[in-house]
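> Let's see this in three dimensions:
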Amino acid sequence: MRALNQRAVLDRLRTHGEATRPQIAAGTGLSKPTVGQALLDLEQHGLVRTTGRSLAGPGRAAVVYQAAPDAGHVVGVDIGRRAIRIAVADLEGSIVARLDEPNRCRSASALVRTVSESVERAVSSAGLAPHDVVSTVVGTPGVPDPATGTVHRAPNLPGWERRGLLHELVAALAVAGADVVVENDANLCAVGEHALGAALGVDVLVCLTVGTGIGMGLLVDGRLFRGAHGAAGEIADLPFGPLPAGAAAHRPGPMETAAAGQAVLEAARAAGLPKVRSAKDVFRLARSGDATALRVVAEEAEKLAYVVSAVTAVLDPRLIVLGGGIGGNADLLAEPMRRALAATVPSVPEIVAGQLGEDAVLAGAIATALGTARDLVFDRRGLPRAAGEA
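Next up is the predicted model:
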């Protein structure tokens, strides 16, 4: 019961902000003496602190309490083909350190080592020790399989599908007992946009990420939907056009081959734009009014509409959020996608650009880490769990 009271008081402060003891008692339904004892326990363990006194109302000024944001810290990691992004945040989600660096690794072992060393530098730059980190969440392309220690369907990272690689990554990051979770990057993109970006308050949404690869994160009733094997949203494997011989082993998948960054570049060159060097160049030309580039972009929008129509028929999302290096060009893609969808599905969902850009995966990683860290600090600070809690 004592642990439950402490949790109720701390949750009240985290949810509604700083408050006095009478305000906490009114908000939790606990008696003032019970709240006072819980606050004393939490303050002694560094989870709550005083911020001053309230001068509102008659009588003696009341002490104001807040949840201590520095009682623990979390780390978010985004592993991409071209860049590694790392952020360290306190328990309020405020970023206290940030590190971005190019991914030049040519092997999985080198990438694990680089990520581990980069996290160590980011934590140190925040003035923290390794034991200050309570939870770390890593976003990666592919489908993490903790049972085998393998990341499936991640062909764009050399060696990343090696059996046991996932265990090596977790071990390298589980410094000083930190909880480590590895999650699909498109899933974290959806979580990030739902927590801080374009999908605030949306209960059923799809986050379509298109860049070097192609992926999809799904939220149903505001919760991440992974499927039975963690592979929900692996749309790179969707068939597109006539399947080539040996399609079952085709890597990357048919949809990724047809619609990801390299496909846009190849389509532009075939259409008569031999000087473009990247998909970014194609969209830049389209935005300037180049007719050939606009046709290529329209074709890309139709391919993405094909993906969205399939998931819309099954999931009926209220919102499609476009992310990634290509998906971020929603100003050029959204309208032709809507037109193509209108011809195939009875109800066209709203299609918008993600608001978080390159930070979407990182934001999702931080939000996910905070979801567990706020409970884990109870263990770290020696507070008992309530009966029945794992």
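
> what's His167 in contact with, if anything?
His167 makes contact with Gly149, according to CB atoms under 8 Å, 6 or more residues apart in numbering. No exception for glycine: its C-beta is placed from N, CA and C like everyone else's.

> That one and Thr20, how far apart?
48 Å (CB to CB, to the nearest Å).

> same deal with Ala3?
As for Ala3, its distance to Thr20 is 23 Å (criterion: CB to CB).

> How about Gly241, nearest residue that isn't a chain neighbour?
Using CB to CB, 6 or more residues apart in numbering and skipping the chain neighbours, the partner closest in space to Gly241 is Ala258 (7.0 Å).

> Look at Gly215 and give its secondary structure.
When classified by DSSP: H, G, I helix; E, B strand; the rest coil, Gly215 comes out as strand.

> Specify the beta-bridge partners of it.
Note on Gly215: beta-bridge partners Thr209, judged by DSSP bridges.

> my guess is it meets Ala236, correct?
Yes: counting by CB atoms under 8 Å, Gly215 does reach Ala236; the two are 6.9 Å apart.

> what ranges of this structure fall below the confidence cut-off?
55-59, 242-251, 379, 381-390 (pLDDT under 70).

> Mind jotting down where the helices sit in it?
Along the chain, counting by DSSP state H, helices occupy 2-16, 21-28, 32-44, 108-125, 165-173, 185-196, 254-259, 261-271, 279-287, 291-315, 324-327, 330-342, 360-380.

> Which of these has the highest mean neighbour count?
Compared across these, helix 185-196 shows the largest average neighbour count, a mean of 28 (mean count of other CB atoms under 10 Å).

> contacts for that one?
With CB under 8 Å, 6+ apart, helix 185-196 has contacts from 78-80, 137, 139-141, 199-200, 202, 205-207, 209, 215-219, 222, 224, 226, 233, 321, 323-324, 354-356, 359-368.

> I'd like to check the angle between that helix and helix 360-380, please.
On the basis of axes from the mean of the first three to the mean of the last three CA atoms, to 10 degrees, helix 185-196 is oriented at 80 degrees to helix 360-380.

> Give me the distance from helix 185-196 to the chain's centre.
Computed by CA atoms, centre = their mean, to the nearest Å, the chain-centroid distance of helix 185-196 equals 4 Å.

> Same question for stretch 252-269.
On the basis of CA atoms, centre = their mean, stretch 252-269 sits 25 Å off its chain's mean C-alpha point.

> Ok, stretch 119-136 next?
For stretch 119-136, the distance to the chain centre is 19 Å (CA atoms, centre = their mean).

> end-to-end on that stretch?
Chord length of stretch 119-136, first to last residue, is 10 Å (CA to CA, to the nearest Å).

> Now tell me what touches that stretch from outside.
Contacts of stretch 119-136 (CB under 8 Å, 6+ apart): 72-77, 86-88, 96-99, 173-181, 369-370, 372-373, 376-377, 380.

> One more: stretch 291-306?
So stretch 291-306 is contacted by 208, 210, 240, 255, 258-259, 263-264, 267-268, 271-273, 282-283, 285-286, 322, 326-327, 329, 332-337, 340-341, 344 (CB under 8 Å, 6+ apart).

> So what pairs up with the closest residue in space to Asn184 that isn't next to it in sequence in the strands?
Nearest residue to Asn184, sequence neighbours excluded (CB to CB, 6+ apart): Val143, at 6.3 Å. Beta-bridge partners recorded for Val143 (DSSP bridges): His152.

> where's Val143 relative to Arg318, distance?
26 Å.

> Please identify which of those two sits among more neighbours.
Val143 (22 against 14; other CB atoms under 10 Å).

> So the more buried one is in contact with Glu161, correct?
No: counting by CB under 8 Å, Val143 stays clear of Glu161, with 9.9 Å between them.

> Identify the contacts common to the two.
Joint contacts of Val143 and Glu161 (CB under 8 Å, 6+ apart) are Val151, His152, Arg153, Ala154.

> Mind listing what's buried along stretch 174-186?
Val175, Ala178, Asp179, Val180, Val181, Val182, Glu183, Asn184, Asp185, Ala186 (16 or more other CB atoms under 10 Å).

> can you list contacts of stretch 20-28?
8-9, 12-13, 16, 19, 30-32, 34-36, 39, 54, 62-65.
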